[in-house]
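[1] turn this into a structure:
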Amino acid sequence: MMNASMNRITTKGIFSFFLLLMMFVLALVTSTAKAASLSNIQVSNSPSQAQVTLTFVDGKPDYSYFPLHSPERLVIDVQQRGEIIGLPLKLAKGDLVKQVRASQAPDSQHKRIVLELAQAAKTKATVQQVSGQYQVIFTLSTGKGQASSSFNNTVMPTQSAVTPSTRNSQPAQPAQEKSLKMNAPATAPAAVPVSTTPTKTLPKGTKQVVIAIDAGHGGKDPGAIGKNGYKEKDVTLSVARKLYQKLDADPMFKPVMTRDGDYFISVSGRSDVARKKGANMLVSIHADSAPNSSARGASVWVLSNRRANSELGSWLEQREKQSELLGGAGDALSGADPYLSQAVLDLQFGHSQRVGYDVAVHVIQQLRKIGNIHKKTPEHASLGVLRSPDIPSILVETGFISNTSEEQLLKSNDYQEKVADGIHQGLRQYFLANPLQAAPK
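    Numbers count the residues shown, from 1 in each chain. Next comes the predicted model:
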(Lines give C-alpha, C1' and ligand atoms only; values in the text may rest on other atoms or scores of the structure.)
Protein backbone atom coordinates (compact mmCIF):
# COMPACT_ATOMS: atom_id res chain seq x y z
CA MET A 1 0.00 0.00 0.00
CA MET A 2 2.86 2.33 0.92
CA ASN A 3 4.77 1.53 -2.31
CA ALA A 4 1.71 2.23 -4.43
CA SER A 5 1.28 5.61 -2.78
CA MET A 6 4.92 6.50 -3.30
CA ASN A 7 4.73 5.61 -6.99
CA ARG A 8 1.96 8.13 -7.44
CA ILE A 9 4.17 11.04 -6.34
CA THR A 10 4.90 13.12 -9.42
CA THR A 11 8.13 14.87 -10.31
CA LYS A 12 6.34 18.16 -9.71
CA GLY A 13 5.39 17.02 -6.20
CA ILE A 14 8.98 16.11 -5.37
CA PHE A 15 10.16 19.48 -6.67
CA SER A 16 7.55 21.29 -4.55
CA PHE A 17 8.63 19.36 -1.47
CA PHE A 18 12.29 20.30 -1.87
CA LEU A 19 11.35 23.89 -2.66
CA LEU A 20 9.40 24.12 0.60
CA LEU A 21 12.29 22.50 2.46
CA MET A 22 14.74 25.04 1.04
CA MET A 23 12.43 27.90 2.01
CA PHE A 24 12.21 26.52 5.55
CA VAL A 25 15.99 26.27 5.87
CA LEU A 26 16.37 29.78 4.44
CA ALA A 27 13.89 31.09 7.01
CA LEU A 28 15.92 29.49 9.81
CA VAL A 29 19.15 31.01 8.51
CA THR A 30 17.51 34.41 8.18
CA SER A 31 16.12 34.31 11.71
CA THR A 32 19.56 33.33 13.02
CA ALA A 33 21.20 36.11 11.07
CA LYS A 34 18.81 38.59 12.65
CA ALA A 35 19.73 37.58 16.18
CA ALA A 36 20.37 40.54 18.47
CA SER A 37 23.69 42.23 17.73
CA LEU A 38 25.71 44.48 20.03
CA SER A 39 26.00 47.91 18.47
CA ASN A 40 27.12 50.28 21.20
CA ILE A 41 28.69 50.43 24.66
CA GLN A 42 28.35 53.48 26.89
CA VAL A 43 30.26 53.86 30.17
CA SER A 44 29.38 56.36 32.88
CA ASN A 45 31.99 56.29 35.62
CA SER A 46 32.73 57.59 39.11
CA PRO A 47 34.94 56.43 42.00
CA SER A 48 32.16 54.53 43.78
CA GLN A 49 29.51 53.96 41.11
CA ALA A 50 29.40 53.15 37.42
CA GLN A 51 26.91 52.32 34.72
CA VAL A 52 27.71 50.34 31.60
CA THR A 53 25.01 50.27 28.92
CA LEU A 54 25.10 47.73 26.09
CA THR A 55 22.81 48.57 23.17
CA PHE A 56 21.55 45.82 20.87
CA VAL A 57 19.80 45.95 17.51
CA ASP A 58 17.76 43.29 15.68
CA GLY A 59 16.09 41.72 18.68
CA LYS A 60 16.22 40.95 22.38
CA PRO A 61 19.76 40.19 23.58
CA ASP A 62 20.99 36.90 24.99
CA TYR A 63 23.50 37.64 27.74
CA SER A 64 24.85 36.49 31.08
CA TYR A 65 27.31 37.90 33.58
CA PHE A 66 29.27 36.95 36.67
CA PRO A 67 31.95 38.51 38.89
CA LEU A 68 35.52 37.37 39.39
CA HIS A 69 37.79 38.36 42.25
CA SER A 70 41.50 38.95 42.87
CA PRO A 71 41.57 41.13 40.84
CA GLU A 72 38.00 42.42 40.74
CA ARG A 73 36.26 41.98 37.38
CA LEU A 74 32.79 41.72 35.89
CA VAL A 75 32.55 39.25 33.01
CA ILE A 76 29.76 39.72 30.45
CA ASP A 77 28.98 37.10 27.79
CA VAL A 78 26.80 38.19 24.86
CA GLN A 79 25.56 36.21 21.88
CA GLN A 80 27.48 37.92 19.10
CA ARG A 81 29.23 36.41 16.08
CA GLY A 82 30.87 39.58 14.75
CA GLU A 83 34.06 40.93 16.28
CA ILE A 84 34.01 43.94 18.62
CA ILE A 85 36.54 46.45 17.34
CA GLY A 86 38.18 49.06 19.56
CA LEU A 87 38.93 47.11 22.72
CA PRO A 88 40.69 47.38 25.11
CA LEU A 89 39.48 50.76 26.27
CA LYS A 90 41.22 52.34 29.25
CA LEU A 91 39.20 54.77 31.34
CA ALA A 92 40.09 57.57 33.74
CA LYS A 93 42.17 56.66 36.77
CA GLY A 94 40.40 56.79 40.12
CA ASP A 95 37.03 55.66 38.77
CA LEU A 96 35.35 52.34 39.46
CA VAL A 97 35.67 50.86 35.96
CA LYS A 98 39.33 50.96 34.99
CA GLN A 99 39.20 49.24 31.62
CA VAL A 100 36.85 47.50 29.19
CA ARG A 101 38.46 44.65 27.26
CA ALA A 102 37.65 41.50 25.36
CA SER A 103 38.49 38.00 26.56
CA GLN A 104 38.22 34.43 25.31
CA ALA A 105 34.57 33.57 24.74
CA PRO A 106 32.98 30.32 25.98
CA ASP A 107 32.03 29.32 22.41
CA SER A 108 31.94 30.57 18.81
CA GLN A 109 28.46 32.10 19.16
CA HIS A 110 29.37 34.44 22.01
CA LYS A 111 31.76 37.27 22.74
CA ARG A 112 33.13 38.00 26.19
CA ILE A 113 33.55 41.51 27.58
CA VAL A 114 35.48 42.06 30.81
CA LEU A 115 35.15 45.15 33.01
CA GLU A 116 38.23 45.60 35.16
CA LEU A 117 37.25 47.23 38.44
CA ALA A 118 39.21 49.29 40.93
CA GLN A 119 37.44 47.60 43.84
CA ALA A 120 34.70 45.13 44.67
CA ALA A 121 31.21 46.24 43.65
CA LYS A 122 27.66 44.93 43.65
CA THR A 123 26.11 44.60 40.20
CA LYS A 124 22.50 44.89 39.09
CA ALA A 125 21.40 44.30 35.50
CA THR A 126 18.20 45.63 33.93
CA VAL A 127 16.85 45.50 30.38
CA GLN A 128 14.82 48.21 28.68
CA GLN A 129 13.62 48.89 25.15
CA VAL A 130 14.33 52.30 23.61
CA SER A 131 13.25 53.23 20.08
CA GLY A 132 13.12 49.63 18.95
CA GLN A 133 16.51 48.79 20.45
CA TYR A 134 17.28 46.88 23.62
CA GLN A 135 19.60 48.23 26.28
CA VAL A 136 21.15 46.05 28.98
CA ILE A 137 22.16 48.37 31.81
CA PHE A 138 24.72 47.18 34.35
CA THR A 139 24.73 49.33 37.49
CA LEU A 140 27.77 48.83 39.70
CA SER A 141 28.11 50.25 43.19
CA THR A 142 30.69 49.83 45.94
CA GLY A 143 28.17 50.89 48.57
CA LYS A 144 30.51 53.69 49.60
CA GLY A 145 29.83 57.38 49.33
CA GLN A 146 26.56 59.18 48.79
CA ALA A 147 24.03 57.56 46.49
CA SER A 148 23.20 59.57 43.41
CA SER A 149 20.30 59.39 41.00
CA SER A 150 22.47 60.40 38.03
CA PHE A 151 26.04 61.01 36.94
CA ASN A 152 27.35 64.41 35.97
CA ASN A 153 28.99 64.72 32.57
CA THR A 154 26.99 61.87 31.07
CA VAL A 155 27.27 62.59 27.36
CA MET A 156 25.02 61.33 24.58
CA PRO A 157 27.19 58.71 22.85
CA THR A 158 28.03 59.17 19.20
CA GLN A 159 27.52 56.37 16.73
CA SER A 160 29.33 53.19 17.89
CA ALA A 161 31.12 55.00 20.68
CA VAL A 162 31.99 54.43 24.30
CA THR A 163 31.56 57.61 26.30
CA PRO A 164 33.35 57.71 29.66
CA SER A 165 32.13 60.33 32.12
CA THR A 166 33.15 61.52 35.56
CA ARG A 167 31.22 62.60 38.61
CA ASN A 168 32.33 65.57 40.68
CA SER A 169 31.09 68.82 42.16
CA GLN A 170 32.45 70.99 39.35
CA PRO A 171 30.36 72.18 36.40
CA ALA A 172 30.03 69.60 33.65
CA GLN A 173 32.88 69.58 31.14
CA PRO A 174 32.80 67.87 27.74
CA ALA A 175 33.82 64.24 28.12
CA GLN A 176 36.36 62.75 25.75
CA GLU A 177 34.78 60.25 23.39
CA LYS A 178 36.53 57.07 22.25
CA SER A 179 35.31 55.10 19.29
CA LEU A 180 34.23 51.49 19.80
CA LYS A 181 32.88 50.20 16.50
CA MET A 182 30.82 47.06 16.11
CA ASN A 183 30.02 45.02 13.04
CA ALA A 184 26.39 46.17 13.07
CA PRO A 185 24.90 49.58 12.27
CA ALA A 186 24.46 51.66 15.37
CA THR A 187 21.99 54.27 16.44
CA ALA A 188 22.83 56.55 19.35
CA PRO A 189 20.66 55.65 22.35
CA ALA A 190 19.39 58.18 24.81
CA ALA A 191 21.55 58.75 27.88
CA VAL A 192 20.24 56.69 30.76
CA PRO A 193 20.42 58.05 34.33
CA VAL A 194 22.01 55.84 36.96
CA SER A 195 19.63 54.58 39.60
CA THR A 196 20.99 53.48 42.95
CA THR A 197 19.34 52.09 46.05
CA PRO A 198 20.31 52.77 49.67
CA THR A 199 22.93 50.41 51.02
CA LYS A 200 21.29 47.60 52.97
CA THR A 201 22.88 46.11 56.05
CA LEU A 202 22.44 42.88 57.96
CA PRO A 203 20.36 42.84 61.14
CA LYS A 204 22.47 43.48 64.22
CA GLY A 205 24.02 40.36 65.68
CA THR A 206 23.78 38.30 62.47
CA LYS A 207 26.35 37.43 59.83
CA GLN A 208 26.41 36.67 56.13
CA VAL A 209 25.51 33.17 55.00
CA VAL A 210 28.21 31.70 52.76
CA ILE A 211 26.49 29.72 50.00
CA ALA A 212 28.59 27.36 47.89
CA ILE A 213 26.99 27.09 44.44
CA ASP A 214 27.90 23.89 42.66
CA ALA A 215 27.29 23.72 38.91
CA GLY A 216 27.01 20.01 38.22
CA HIS A 217 29.32 18.21 35.77
CA GLY A 218 31.63 20.26 33.51
CA GLY A 219 34.57 19.85 31.15
CA LYS A 220 34.97 16.26 29.98
CA ASP A 221 31.80 15.32 31.89
CA PRO A 222 28.82 16.77 29.96
CA GLY A 223 26.18 15.17 32.19
CA ALA A 224 22.88 14.28 30.57
CA ILE A 225 22.38 15.36 26.95
CA GLY A 226 18.97 16.29 25.54
CA LYS A 227 17.61 15.00 22.25
CA ASN A 228 18.46 18.33 20.62
CA GLY A 229 22.03 18.20 21.92
CA TYR A 230 21.79 20.57 24.89
CA LYS A 231 24.21 19.48 27.63
CA GLU A 232 23.45 19.37 31.34
CA LYS A 233 26.80 21.00 32.16
CA ASP A 234 25.74 24.12 30.22
CA VAL A 235 22.38 24.33 32.01
CA THR A 236 23.97 24.02 35.42
CA LEU A 237 26.68 26.61 34.84
CA SER A 238 24.24 29.15 33.42
CA VAL A 239 21.79 28.75 36.32
CA ALA A 240 24.66 28.77 38.83
CA ARG A 241 25.97 32.08 37.50
CA LYS A 242 22.52 33.62 37.63
CA LEU A 243 22.08 32.41 41.21
CA TYR A 244 25.49 33.88 42.07
CA GLN A 245 24.38 37.27 40.75
CA LYS A 246 21.21 37.24 42.84
CA LEU A 247 22.93 36.14 46.04
CA ASP A 248 25.80 38.58 45.51
CA ALA A 249 23.30 41.44 45.30
CA ASP A 250 21.66 40.32 48.57
CA PRO A 251 23.53 41.51 51.71
CA MET A 252 22.33 38.41 53.55
CA PHE A 253 24.54 36.13 51.45
CA LYS A 254 28.11 35.67 50.31
CA PRO A 255 28.14 33.28 47.31
CA VAL A 256 31.11 31.20 46.19
CA MET A 257 31.37 28.87 43.18
CA THR A 258 32.82 25.37 43.13
CA ARG A 259 33.49 25.93 39.41
CA ASP A 260 33.05 29.10 37.35
CA GLY A 261 33.91 27.72 33.90
CA ASP A 262 33.63 24.67 31.71
CA TYR A 263 36.13 22.41 33.41
CA PHE A 264 35.99 19.12 35.30
CA ILE A 265 36.03 18.85 39.08
CA SER A 266 35.58 15.54 40.86
CA VAL A 267 32.44 14.86 42.86
CA SER A 268 34.46 14.40 46.03
CA GLY A 269 36.32 17.64 45.37
CA ARG A 270 33.18 19.79 45.26
CA SER A 271 32.31 19.52 48.93
CA ASP A 272 36.01 19.98 49.77
CA VAL A 273 36.00 23.27 47.85
CA ALA A 274 32.87 24.36 49.72
CA ARG A 275 34.47 23.57 53.07
CA LYS A 276 37.69 25.41 52.26
CA LYS A 277 35.64 28.49 51.37
CA GLY A 278 33.80 28.34 54.69
CA ALA A 279 30.41 27.51 53.21
CA ASN A 280 27.41 27.38 55.53
CA MET A 281 25.29 25.77 52.82
CA LEU A 282 25.92 23.93 49.55
CA VAL A 283 23.49 24.14 46.63
CA SER A 284 24.24 21.73 43.78
CA ILE A 285 22.45 22.40 40.49
CA HIS A 286 21.63 19.65 37.99
CA ALA A 287 19.23 18.72 35.19
CA ASP A 288 17.37 15.42 35.39
CA SER A 289 17.12 12.64 32.81
CA ALA A 290 14.89 9.58 32.53
CA PRO A 291 14.13 6.79 30.03
CA ASN A 292 10.52 7.96 30.11
CA SER A 293 10.65 11.00 27.83
CA SER A 294 7.41 12.36 29.31
CA ALA A 295 8.95 12.78 32.79
CA ARG A 296 9.09 16.45 33.70
CA GLY A 297 9.39 18.94 36.51
CA ALA A 298 11.90 20.11 39.10
CA SER A 299 12.81 18.35 42.32
CA VAL A 300 15.10 18.87 45.32
CA TRP A 301 17.20 16.15 46.94
CA VAL A 302 18.86 15.90 50.36
CA LEU A 303 21.31 13.48 51.93
CA SER A 304 19.91 10.11 52.97
CA ASN A 305 20.39 8.83 56.52
CA ARG A 306 22.18 5.77 55.18
CA ARG A 307 24.77 7.86 53.34
CA ALA A 308 25.16 10.16 56.34
CA ASN A 309 25.86 7.22 58.66
CA SER A 310 28.37 5.82 56.18
CA GLU A 311 30.18 9.16 55.92
CA LEU A 312 30.11 9.56 59.71
CA GLY A 313 31.89 6.23 60.16
CA SER A 314 34.49 7.19 57.57
CA TRP A 315 35.19 10.52 59.23
CA LEU A 316 35.50 8.96 62.68
CA GLU A 317 38.31 6.77 61.36
CA GLN A 318 40.32 9.76 60.11
CA ARG A 319 41.76 12.11 62.72
CA GLU A 320 42.52 14.82 60.14
CA LYS A 321 38.91 14.70 58.96
CA GLN A 322 37.66 15.27 62.50
CA SER A 323 39.94 18.26 62.91
CA GLU A 324 38.90 19.70 59.54
CA LEU A 325 35.23 19.20 60.33
CA LEU A 326 35.20 20.78 63.78
CA GLY A 327 37.70 23.57 63.14
CA GLY A 328 40.40 22.04 65.33
CA ALA A 329 38.11 20.62 67.99
CA GLY A 330 38.86 17.23 66.48
CA ASP A 331 42.39 17.46 67.90
CA ALA A 332 40.96 17.73 71.40
CA LEU A 333 38.56 14.88 70.76
CA SER A 334 41.12 12.57 69.18
CA GLY A 335 42.40 11.34 72.54
CA ALA A 336 38.99 11.20 74.16
CA ASP A 337 36.50 8.39 74.40
CA PRO A 338 35.51 7.43 70.80
CA TYR A 339 31.86 7.51 71.84
CA LEU A 340 32.26 11.20 72.72
CA SER A 341 33.66 11.92 69.26
CA GLN A 342 30.76 10.08 67.66
CA ALA A 343 28.24 11.95 69.81
CA VAL A 344 29.66 15.35 68.83
CA LEU A 345 29.74 14.47 65.14
CA ASP A 346 26.25 12.98 65.35
CA LEU A 347 24.92 16.28 66.67
CA GLN A 348 26.60 18.24 63.87
CA PHE A 349 25.45 15.86 61.15
CA GLY A 350 21.91 15.74 62.51
CA HIS A 351 21.73 19.52 62.49
CA SER A 352 23.05 19.70 58.92
CA GLN A 353 20.46 17.20 57.71
CA ARG A 354 17.62 19.13 59.35
CA VAL A 355 18.79 22.41 57.84
CA GLY A 356 19.17 20.82 54.41
CA TYR A 357 15.67 19.36 54.53
CA ASP A 358 14.06 22.60 55.73
CA VAL A 359 15.83 24.66 53.05
CA ALA A 360 14.72 22.12 50.44
CA VAL A 361 11.10 22.56 51.52
CA HIS A 362 11.35 26.34 51.04
CA VAL A 363 13.02 25.98 47.63
CA ILE A 364 10.32 23.57 46.42
CA GLN A 365 7.63 26.04 47.50
CA GLN A 366 9.26 28.69 45.31
CA LEU A 367 9.86 26.40 42.32
CA ARG A 368 6.17 25.40 42.32
CA LYS A 369 5.35 29.01 41.43
CA ILE A 370 7.33 28.94 38.17
CA GLY A 371 6.64 25.55 36.62
CA ASN A 372 6.11 21.83 37.00
CA ILE A 373 7.30 19.95 40.08
CA HIS A 374 8.35 16.32 39.73
CA LYS A 375 8.49 15.65 43.48
CA LYS A 376 6.37 17.73 45.87
CA THR A 377 8.57 16.98 48.88
CA PRO A 378 12.34 16.68 49.27
CA GLU A 379 13.75 13.33 48.16
CA HIS A 380 16.51 11.49 50.02
CA ALA A 381 19.48 10.15 48.07
CA SER A 382 23.06 8.93 48.43
CA LEU A 383 24.29 11.25 45.68
CA GLY A 384 28.02 11.88 45.78
CA VAL A 385 27.88 15.67 45.90
CA LEU A 386 25.90 15.43 49.15
CA ARG A 387 28.66 13.33 50.69
CA SER A 388 29.67 15.86 53.38
CA PRO A 389 26.92 15.85 55.98
CA ASP A 390 28.78 18.47 58.01
CA ILE A 391 27.65 21.09 55.46
CA PRO A 392 23.88 21.42 54.96
CA SER A 393 23.34 20.54 51.31
CA ILE A 394 20.62 20.33 48.71
CA LEU A 395 20.67 19.17 45.11
CA VAL A 396 18.25 20.95 42.78
CA GLU A 397 17.13 19.13 39.64
CA THR A 398 15.98 22.04 37.47
CA GLY A 399 13.95 19.89 35.07
CA PHE A 400 14.20 16.92 32.71
CA ILE A 401 16.59 17.54 29.84
CA SER A 402 15.41 14.19 28.41
CA ASN A 403 11.99 15.77 27.83
CA THR A 404 12.20 17.72 24.54
CA SER A 405 9.83 20.47 25.65
CA GLU A 406 11.62 20.85 28.97
CA GLU A 407 14.99 20.82 27.20
CA GLN A 408 13.88 23.94 25.34
CA LEU A 409 12.70 25.42 28.63
CA LEU A 410 16.05 24.72 30.27
CA LYS A 411 17.78 26.58 27.40
CA SER A 412 15.57 29.61 28.00
CA ASN A 413 17.24 32.56 29.70
CA ASP A 414 13.91 33.54 31.28
CA TYR A 415 13.36 30.09 32.81
CA GLN A 416 16.94 29.95 34.09
CA GLU A 417 16.41 33.34 35.74
CA LYS A 418 13.21 32.09 37.38
CA VAL A 419 14.88 28.94 38.69
CA ALA A 420 17.77 30.97 40.11
CA ASP A 421 15.30 33.37 41.69
CA GLY A 422 13.31 30.49 43.18
CA ILE A 423 16.42 29.04 44.81
CA HIS A 424 17.43 32.50 46.06
CA GLN A 425 14.02 33.18 47.58
CA GLY A 426 13.89 29.73 49.18
CA LEU A 427 17.26 30.33 50.82
CA ARG A 428 16.23 33.81 51.89
CA GLN A 429 13.00 32.61 53.50
CA TYR A 430 14.82 30.00 55.55
CA PHE A 431 17.67 32.22 56.72
CA LEU A 432 15.35 35.12 57.51
CA ALA A 433 13.61 32.80 59.96
CA ASN A 434 16.89 31.17 61.06
CA PRO A 435 19.66 33.79 60.77
CA LEU A 436 23.27 32.91 61.46
CA GLN A 437 24.38 34.52 64.68
CA ALA A 438 27.57 36.54 64.62
CA ALA A 439 30.25 35.63 67.13
CA PRO A 440 30.32 38.00 70.13
CA LYS A 441 33.05 40.64 69.97
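[2] can we go C-alpha only for contacts and neighbour counts from here?
    Noted.
[3] average pLDDT for the helix or strand where residue 246 lies?
    In this structure, residue 246 sits in helix 232-248 according to DSSP states H and E. The average pLDDT within helix 232-248 is 96.
[4] residues making contact with it?
    Counting contacts by C-alpha atoms under 8 Å, 6 or more residues apart in numbering, the residues outside helix 232-248 that touch it are 64-67, 122-123, 213-219, 221-226, 253-257, 260-262, 285-287, 401, 410-411, 416-417, 419-421, 423-424.
[5] just the ones of the residues you listed in strands?
    Among the contacts of helix 232-248, the members falling in strands are 64-67, 122-123, 213-215, 253-257, 285-287 (criterion: DSSP state E).
[6] show me where the stretch 301-441 of the chain has helices.
    Secondary structure of the stretch 301-441 of the chain, counting by DSSP state H, counting those that start in this stretch: helices at 305-316, 319-325, 329-333, 338-367, 404-411, 413-433.
[7] next: the stretch 1-150 of the chain.
    Secondary structure of the stretch 1-150 of the chain (DSSP H, counting those that start in this stretch): helices located at 2-7, 11-33.
[8] so the residue lying closest to residue 220 once chain neighbours are set aside versus residue 72, what's the distance?
    For residue 220, ignoring the flanking residues on the chain, the nearest one in space by C-alpha to C-alpha, 6 or more residues apart in numbering is residue 264 at 6.1 Å. When C-alpha to C-alpha, to the nearest Å is the yardstick, residue 264 and residue 72 sit 24 Å from each other.
[9] repeat for residue 249
    Separation of residue 249 from residue 72 (C-alpha to C-alpha): 15 Å.
[10] again with residue 127
    Applying C-alpha to C-alpha, one obtains 24 Å for the distance of residue 127 from residue 72.
[11] per-domain residue ranges of this protein.
    35-143, 207-431 (the TED database).
[12] CSV please, covering these and showing distance to residue 438 and mean neighbour count.
    Rendered in CSV, the data for the domains of the chain read as follows (distance: least, C-alpha to C-alpha, whole Å; neighbours: other C-alpha atoms under 10 Å):
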stretch, distance to residue 438, mean neighbour count
domain 35-143, 22, 19
domain 207-431, 5, 19
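[13] just give the number of residues close to residue 433.
    Look at residue 433: counted by other C-alpha atoms under 10 Å, it has 8 neighbours.
[14] residues in contact with it?
    Here residue 433 is in contact with no residues (criterion: C-alpha under 8 Å, 6+ apart).
[15] ok, residue 355 touching residue 392?
    Yes. Because the distance of 5.9 Å satisfies C-alpha atoms under 8 Å, residue 355 is recorded as touching residue 392.
[16] for residue 261, which non-adjacent residue is spatially closest?
    For residue 261, the closest residue by C-alpha to C-alpha, 6+ apart turns out to be residue 237, at 7.4 Å.
[17] hang on, isn't residue 262 packed against residue 215?
    No. Taking contact to mean C-alpha under 8 Å, the distance of 9.6 Å between residue 262 and residue 215 leaves them out of contact.
[18] quick one: low-confidence ranges for this structure?
    Low-confidence segments of the chain, defined by pLDDT under 70, span residues 1-35, 81, 145-201, 304-348, 382-389, 439-441.
[19] so who does the closest residue to residue 357 other than its chain neighbours touch?
    With sequence-adjacent residues excluded and distances taken as C-alpha to C-alpha, 6+ apart, residue 357 is closest to residue 302, at 6.3 Å. Residue 302 is in contact with 353, 356, 357, 360, 378, 379, 380, 381, 386, 393, 394, 395, counting by C-alpha under 8 Å, 6+ apart.
[20] nearest to residue 82 among the residues you listed?
    residue 395 (38.0 Å; C-alpha to C-alpha).
[21] so the closest one bridges to which residues?
    Taking DSSP bridges, one finds residue 284, residue 301 as the beta-bridge partners of residue 395.
[22] any idea how far it lies from residue 426?
    13 Å.
[23] what of residue 267?
    Distance from residue 267 to residue 426, by C-alpha to C-alpha: 25 Å.
[24] again with residue 132
    The spacing between residue 132 and residue 426, counted by C-alpha to C-alpha, is 36 Å.
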